[in-house]
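Engineer: here is the input, now give the coordinates:
(chains A and B)
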Protein chains: 2
Amino acid sequence: MKALIQLHDGYADTQTGPNIDDLSPFLALKDVPVPTPGDVQALIKVHLAAVNPSDIHFIKGEYGQPRVKGMPAGFEAVGEVVAGDTPLKGQRVSFFADASGTWAEYAMTDASRLVPCRPDLAEPDAAGQLVNPLTAIAMFDIVKESGADSFILNAAGSQLGKLLIALGRDHGIEPIAIIRRAEQAQALKDLGAAEVIVTGADDPLGQAQSIFKTLKPRILLDAVGDQFTSDLFFAMPSHARWVNYGKLSTEEPKLTQLGQMIFMGKQIEGFWLTRWMKQVDPARIPEAFSEIQKRFVTGKWTTDVAGIVPLSEAMKKLPEALAKPDGKAFIDPRV
Amino acid sequence: MKALIQLHDGYADTQTGPNIDDLSPFLALKDVPVPTPGDVQALIKVHLAAVNPSDIHFIKGEYGQPRVKGMPAGFEAVGEVVAGDTPLKGQRVSFFADASGTWAEYAMTDASRLVPCRPDLAEPDAAGQLVNPLTAIAMFDIVKESGADSFILNAAGSQLGKLLIALGRDHGIEPIAIIRRAEQAQALKDLGAAEVIVTGADDPLGQAQSIFKTLKPRILLDAVGDQFTSDLFFAMPSHARWVNYGKLSTEEPKLTQLGQMIFMGKQIEGFWLTRWMKQVDPARIPEAFSEIQKRFVTGKWTTDVAGIVPLSEAMKKLPEALAKPDGKAFIDPRV
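Structural biologist: Have a look, this model is predicted:
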């Protein structure tokens, strides 16, 4: 089969973020044997594979698990189960590949991790239903538990950001959206953001302070990790929690008012979907997938497609698709 | 009565830490009326008042509650209940003054906050049994809950640090003590510190990393809040918690490896005794005081006295007593 194969093992010593201009230092398109499923594994013929920021972190060696040289890259996809000891053989499933990556004609994973897809779920929605939508649902559970009427999210124009804004809108918890590009502001307001703060604008922190007086957010969902995020956190009311789940910035944020941890009961923590899935009540996961598919099918969520790149041309065309300011890139291994 | 009266209201905009050379910008020795207890209040004739770092933070306007101009300073003391609606009238009590401060001949507080003292409890132990010992017990509960066989504390040569080291020793949880002055190292080892790291020594972080490989501490109890503390935190194993309870340093620590919050489940939080007392199971508090008094009386804890300063001379002599590198300062309002 054709596959985008990793060129390196383990971790790199870099922290360059999820941007990429050139895949060739990390990946190569190669012909490799179709993997053979072992016990409790399933082989899936890939229809469409998602490209997430975590994939780029991973191939660069900057993610929380080590690379394996010679293995196909790609965490997430939709496809048809073609082999393995599972009653889902012949069915369309979304999956997170833990045994052989999804940027390939065939991928392999633990059979217990297959998520059956409703027939009316579109392929791009199905290809990307695990990482972003499940992260959105899981982090929005934290927002709901905070009891506040508002929450903050940065990188709010990302696919995950838009999913979170729509959840806030539908649950009556007002999203405060932080973005870099003013052009995105109106679209996010139309989607349901109560307030939009543009980081490059005049005095964004002052604007935030004034908004926080009314909306009193308790949770800051952070994919950026820069100094402005830290400043926002210290401008938030008592009992605020800074929940970091990504590192788009290479800045090293300073804690300028550490005393707030003591006297205002503030807290800094991280969110990782992998850990959440191990710790959450197991019943929450199928319930979440049912909610995710329903939201896509009924139009409460939409997948913005930046580009669908053929596997055979991905080395060249994937960086172009990823460079688009809006939407999500996919790899189609059938062409 | 004579009292050290606060000269300012509210908060200052400074973050200068708990050191002080001159009290006169903040306090003045004055004659003021003895306070009159209202409902559910008690008036206490002060025997001996403690001087804690939090008192200095407070008079400077750098603590989590606002100053009140014209009120006596001082949070903590031992004395005899002389008026008020309480069955403890005539008895010796330790107390935290919430209505009129302890650096005075008489102090006043909520009658429910009085802690009766065993007759065999020495006056300096009784005067300082609330802030430091209760903080030590409360934070050591966090250490015990972590399940680790070791914990880290900085400012380990402080009175609170010594209480924590003794608790670690007595519960078989090995204390890793961080200090600035190498001269203190042997005394802390004798007290029960498993390891002592001197921050000014050659490669203290390398030393810490090597110690952490064996001892695997989960909790970092931090009264300093500097860059080295942050570096220590990021050198700790998975699920480490940085529990900040003071700010001896004026540095603004950088978060150099924020991704550890995500992938290693690390967390930064604060500890404030005031909040702990509101949130803890109420039965834990009298139990803790019984434990505290027993520990002092049986010699498991000792109070190192840096100096006992007469109230009448405190404006001049208190800074001298506080400048001593070891031990705790007290104010005696009876002389």
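
Engineer: residue A:261 reaches residue B:244, doesn't it?
Structural biologist: Yes - using C-beta atoms under 8 Å, residue A:261 makes contact with residue B:244 at a distance of 5.0 Å. Where you see a C-beta, it was placed from the backbone N, CA and C, and this is true even at glycine.

Engineer: need the overlap of contacts for the two.
Structural biologist: Common contacts of residue A:261 and residue B:244, defined by C-beta atoms under 8 Å, 6 or more residues apart in numbering or on different chains, comprise B:268, B:269, B:270.

Engineer: show me what the first one is bridged to.
Structural biologist: According to DSSP bridges, the residues that bridge with residue B:268 are residue A:268, residue B:242.

Engineer: kindly report the same for residue A:79.
Structural biologist: Residue A:79 forms beta bridges with residue A:46, residue A:93, as assigned by DSSP bridges.

Engineer: what sits against it?
Structural biologist: Per C-beta under 8 Å, 6+ apart, neighbours of residue A:79: A:44, A:45, A:46, A:47, A:48, A:92, A:93, A:95, A:102, A:107.

Engineer: how about CSV for those, with neighbour count added?
Structural biologist: Putting the contacts of residue A:79 into CSV (neighbours: other C-beta atoms under 10 Å in any protein chain shown) gives the following:
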residue, neighbour count
A:44, 27
A:45, 17
A:46, 28
A:47, 19
A:48, 23
A:92, 20
A:93, 22
A:95, 26
A:102, 31
A:107, 31
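
Engineer: residue B:264 versus the residue nearest the centre of chain A, what's the distance?
Structural biologist: Centroid-nearest residue in chain A: residue A:132, 3.7 Å away (criterion: C-alpha atoms, centre = their mean). The gap separating residue A:132 from residue B:264 is 23 Å, by C-beta to C-beta, to the nearest Å.

Engineer: cool, residue A:42 as well?
Structural biologist: Going from residue A:42 to residue B:264 by C-beta to C-beta gives 30 Å.

Engineer: just among the shared contacts of residue A:261 and residue B:244, which is most surrounded?
Structural biologist: Highest neighbour count within those, by other C-beta atoms under 10 Å in any protein chain shown: residue B:268, with 24 neighbours.

Engineer: any idea how far the residue in the stretch 1-150 of chain A that chain B sits nearest to lies from residue B:262?
Structural biologist: Closest contact between the stretch 1-150 of chain A and chain B, by C-beta to the nearest C-beta, is at residue A:64 (3.1 Å). In this view, residue A:64 and residue B:262 are 7 Å apart by C-beta to C-beta.

Engineer: in terms of neighbours, single out the busier of these two.
Structural biologist: residue B:262 (23 against 17).

Engineer: name the element the more buried one belongs to?
Structural biologist: Following DSSP states H and E, one finds residue B:262 within helix B:259-263.

Engineer: which parts of the stretch 201-335 of chain A sit against chain B?
Structural biologist: A:225, A:230, A:244-247, A:252-256, A:258-272, A:275 (C-beta under 8 Å from any C-beta of the partner chain).

Engineer: spit out the contact partners of the nearest residue to residue A:158 once chain neighbours are set aside.
Structural biologist: Using C-beta to C-beta, 6 or more residues apart in numbering or on different chains and skipping the chain neighbours, the partner closest in space to residue A:158 is residue A:223 (6.8 Å). By C-beta under 8 Å, 6+ apart, the contact set of residue A:223 is A:53, A:153, A:154, A:155, A:158, A:160, A:161, A:244, A:245, A:246, A:247, A:248.

Engineer: between those residues, identify the one with the most neighbours.
Structural biologist: Most surrounded of these: other C-beta under 10 Å gives residue A:153, at 31 neighbours.

Engineer: wait, that one sits on residue A:178?
Structural biologist: Yes - the pair residue A:153 / residue A:178 is scored as a contact, 6.8 Å apart, by C-beta under 8 Å.

Engineer: does the closest residue to residue A:133 other than its chain neighbours sit in a helix, a strand or a coil?
Structural biologist: In space, and not counting its chain neighbours, residue A:133 is closest to residue A:292: 4.4 Å by C-beta to C-beta, 6+ apart. Following DSSP: H, G, I helix; E, B strand; the rest coil, the label given to residue A:292 is helix.

Engineer: for residue A:292, give me its contacts.
Structural biologist: A:129, A:133, A:134, A:137, A:301.

Engineer: against residue A:274, how distant is the fourth one?
Structural biologist: Separation of residue A:137 from residue A:274 (C-beta to C-beta) stands at 15 Å.

Engineer: same question, the last one
Structural biologist: According to C-beta to C-beta, residue A:301 stands 22 Å off from residue A:274.

Engineer: more neighbours, these two?
Structural biologist: A side-by-side neighbour count of residue A:301 and residue A:274, using other C-beta under 10 Å, places residue A:301 first with 23 against 13.

Engineer: contact partners for that one?
Structural biologist: Neighbours of residue A:301 in contact, by C-beta under 8 Å, 6+ apart: A:125, A:133, A:162, A:163, A:166, A:292, A:295.

Engineer: quick one: which of the residues you listed sit in helices?
Structural biologist: Among the contacts of residue A:301, the ones falling in helices (DSSP state H) are A:125, A:133, A:162, A:163, A:166, A:292, A:295.

Engineer: before we move on, the earlier item: could you identify the most distant pair in the contacts of residue A:292?
Structural biologist: Spanning the widest gap among the contacts of residue A:292 are A:134 and A:301, at 12.2 Å by C-beta to C-beta.

Engineer: show me what residue A:42 is bridged to.
Structural biologist: Applying DSSP bridges, one finds that residue A:42 bridges with residue A:84, residue A:109.

Engineer: my guess is it contacts residue A:83. True?
Structural biologist: Yes - with contact defined as C-beta under 8 Å, residue A:42 counts as touching residue A:83 (7.2 Å).

Engineer: quick check: neighbours shared by the two?
Structural biologist: residue A:89.

Engineer: more neighbours: these two, which one.
Structural biologist: residue A:42 (25 against 17).

Engineer: can you read off the pLDDT for that one?
Structural biologist: Note for residue A:42: predicted pLDDT of 98.

Engineer: also residue A:63?
Structural biologist: Note on residue A:63: pLDDT of 88.

Engineer: likewise for residue A:246?
Structural biologist: 91.

Engineer: enumerate every residue touching it.
Structural biologist: Contacts of residue A:246 by C-beta under 8 Å, 6+ apart are A:18, A:53, A:155, A:222, A:223, A:224, A:225, B:262.

Engineer: now these in CSV, with distance to residue A:11 and secondary structure?
Structural biologist: Below are these laid out as CSV (distance: C-beta to C-beta, whole Å; DSSP: H, G, I helix; E, B strand; the rest coil):
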residue, distance to residue A:11, secondary structure
A:18, 16, coil
A:53, 17, helix
A:155, 24, coil
A:222, 23, strand
A:223, 21, coil
A:224, 22, coil
A:225, 18, coil
B:262, 14, helix
